[in-house]
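[1] generate coordinates for the sequence data below:
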Amino acid sequence: MKHKEGMQVQQGGENAGGRPPVLRLRPERVQDALAALPGWQLVSNGRSIHREREFNDPLYAEGFALYVTRLTAAQNHPVTIDLSPCQVRVTLHGPGDGGCIGELTQASLDLAAAIG
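    The predicted structure is shown next:
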């Protein structure tokens, strides 16, 4: 594994699934990036970020949860969405292999920015 500033780069061509190598971010780099993403926080395990959104109407909360579901599914990014009547908690997990949670990537941060 080769290290770049704030990142770990997996070498050796493609992953087992035929995908190109993934840049996995160190927690310090994630914390720096979160400064530009209001409302997002690093989860204590360092492998996930989350934020909560409050809505005045349950239908808006459901619509937002659906939006996040579609956005993350389109990018095949692991997410947990907790929906209560007027509140949505989104937790983005770092993509891993074999269904396990991995380290956060730049794609995780880009997705957080798109979710808002």
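
[2] helices or strands up against the longest helix along the chain?
    Longest helix of the chain, by residue count under DSSP state H: helix 58-74. The contact analysis (3 or more C-beta pairs under 8 Å, 6 or more residues apart in numbering; DSSP states H and E) places helix 58-74 against strand 79-84, strand 87-93, helix 106-115. The way it works is simple: take the backbone N, C-alpha and C, and place the C-beta from them, glycine included.

[3] hey, which of those is tucked in deepest?
    Sort those by mean neighbour count, taking mean count of other C-beta atoms under 10 Å, and strand 87-93 sits at the top with a mean of 20.

[4] residue 82 pairs with what?
    Bridge pairing for residue 82 (DSSP bridges) gives the partners residue 89.

[5] hang on, isn't it packed against residue 61?
    No: judged on C-beta atoms under 8 Å, residue 82 makes no contact with residue 61 at a distance of 10.7 Å.

[6] shaky segments in this structure?
    1-23, 97-101 (pLDDT under 70).

[7] re the thing from before, identify the contacts common to residue 82 and residue 61.
    Common contacts of residue 82 and residue 61, defined by C-beta atoms under 8 Å, 6 or more residues apart in numbering, comprise residue 88.

[8] returning to what we had before: will you turn the helices and strands packed on helix 58-74 into a markdown table that also has distance to residue 50?
    A markdown table is the format used below for the helices and strands packed on helix 58-74 (distance: least, C-beta to C-beta, whole Å):
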| stretch | distance to residue 50 |
| --- | --- |
| strand 79-84 | 8 |
| strand 87-93 | 4 |
| helix 106-115 | 9 |
